[in-house]
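Novice: Compute the structure for the input listed below.
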Amino acid sequence: MVRNSIMMVEKTKSCKSWREKLENPPAGLPKVVSGPASWEKRFGGRRVLVPTPLLVDAEVRKVRKGKLITANRIREKLAKDFKADSTCPLTTGIFLWIISGAAEEDRRAGRKRITPYWRVLKPDGSLNPKYPGGVKAQGARLKEEGHKIIPAKGKKPPKVDDFEKALV
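Specialist: Purely as a prediction, here's the structure:
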């Protein structure tokens, strides 16, 4: 039993922090990859950007208080910057998750200016349950900034009312 506990502690110590994950992307990123014809329909073209967490973070940091952005808009902006047809939705989503974790680490460390990940919505204006604290915490932050939250309906998460008006 003690041996297993020690092994668990050693494993925990070797894990990267959110900040390390944010600042140390996988080797070779960013890159624009060319895919097969099937990517035309799926991604809107064959040239797809695989960004870095810091590129996504930079776009989120541009969103000022009272404003919002969707993950799709971030992807469109990055694709345009890199002259790609689109940006990988999977890696962008993972990087938004890393950004939110790093921001909360920063908050716990006493930093005042953190990446405002809570201002990033899903394409339909709904909140993201994968962010720290889930939709409850994201909704509370958005309410503090003056947004009205429409409660969840069934399995659908809460949404920001008239979110289109606040999009950057």
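
Novice: how close does the nearest residue to Ala37 once chain neighbours are set aside sit to Lys155?
Specialist: Among residues not flanking Ala37 along the chain, Arg46 sits closest, at 7.3 Å (CB to CB, 6 or more residues apart in numbering). No exception for glycine: its C-beta is placed from N, CA and C like everyone else's. Going from Arg46 to Lys155 by CB to CB, to the nearest Å gives 35 Å.

Novice: who's more crowded, those two?
Specialist: Neighbour comparison, Arg46 and Lys155: the larger count goes to Arg46, with 16 against 5 (by other CB atoms under 10 Å).

Novice: Now stretch 153-162: average pLDDT?
Specialist: For stretch 153-162, mean pLDDT rounds to 93.

Novice: For stretch 61-76, give the mean pLDDT please.
Specialist: The model assigns stretch 61-76 a mean pLDDT of 97.

Novice: got the buried residues for it?
Specialist: Arg61, Val63, Leu68, Ile69, Thr70, Ala71, Asn72, Arg73, Ile74, Arg75 (16 or more other CB atoms under 10 Å).

Novice: do the same with stretch 143-153
Specialist: Neighbour-count burial for stretch 143-153 [16+ other CB under 10 Å]: His147, Ile149, Ile150.

Novice: The nearest residue to the last one once chain neighbours are set aside and Trp97: what is the separation?
Specialist: What sits nearest to Ile150 in space, not counting adjacent residues and going by CB to CB, 6+ apart, is Lys159, at 4.7 Å. Taking CB to CB as the criterion, Lys159 is separated from Trp97 by 20 Å.
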